[in-house]
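1. Could you look at this predicted model? Sequence included:
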Amino acid sequence: MVQGKKHVERIPEDWVDSVRPRVVRGRKFKDAVAEIFAANAQLLALERNHSLRIANLEKDRKPRPKG
């Protein structure tokens, strides 16, 4: 996409055999990056949940003033 719009280029027929492998590699790369982003999102969620649990445990451990 270019400036939010789909951009299509016509490839001459004699280029197809040399361009197609690059397109396939580009798609595989894009899929791999998407998997990394998904894994990072899961790790961030796990870290957030862990931090909240730690904070709650520390809050419960603090001595409460008698009064």
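-> Perfect, thanks for sending it.

2. Tell me where the model's unsure across this structure.
-> 62, 64, 67 (pLDDT under 70).

3. can you give me the strands in it?
-> In the chain, no strands are defined using DSSP state E.

4. which residue is nearest the centroid of it?
-> Against the mean C-alpha coordinate of the chain, by Cα atoms, centre = their mean, the closest residue is residue 37 at 1.4 Å.

5. Against residue 4, how distant is that one?
-> 21 Å (Cβ to Cβ, to the nearest Å). Yep, even glycine has a C-beta here, placed from its N, CA and C like the rest.

6. cool, and residue 13?
-> 30 Å.

7. Tell me the spacing between the residue nearest to the centre of the chain and residue 30.
-> 11 Å.

8. same question, residue 22
-> Taken as Cβ to Cβ, the span from residue 22 to residue 30 is 13 Å.

9. swap in residue 47?
-> 26 Å.

10. next one: residue 23
-> 11 Å.

11. Which residues are in contact with each of the two?
-> Shared contacts of residue 23 and residue 30 (Cβ atoms under 8 Å, 6 or more residues apart in numbering): none.

12. can you give me the helices for the chain?
-> 16-61 (DSSP state H).

13. and residue 50, how many neighbours does it have?
-> 10 (other Cβ atoms under 10 Å).

14. Quick check: phi and psi at residue 10.
-> phi -80, psi 130 (degrees, to the nearest 10).

15. Could I get the contacting residues of it?
-> Not one residue lies near residue 10 by Cβ under 8 Å, 6+ apart.

16. Look up how far residue 44 lies from residue 51.
-> 10 Å.

17. An error on my part: the question was meant for residue 37.
-> Where residue 44 is concerned, residue 37 sits at a distance of 11 Å (Cβ to Cβ).

18. Equivalent analysis for residue 17, please.
-> 42 Å.

19. Likewise for residue 55?
-> Taking Cβ to Cβ, one finds residue 55 at 16 Å from residue 44.

20. Equivalent analysis for residue 21, please.
-> Residue 21 is 35 Å from residue 44, by Cβ to Cβ.

21. what does residue 50 give?
-> In terms of Cβ to Cβ, residue 50 sits 11 Å off from residue 44.
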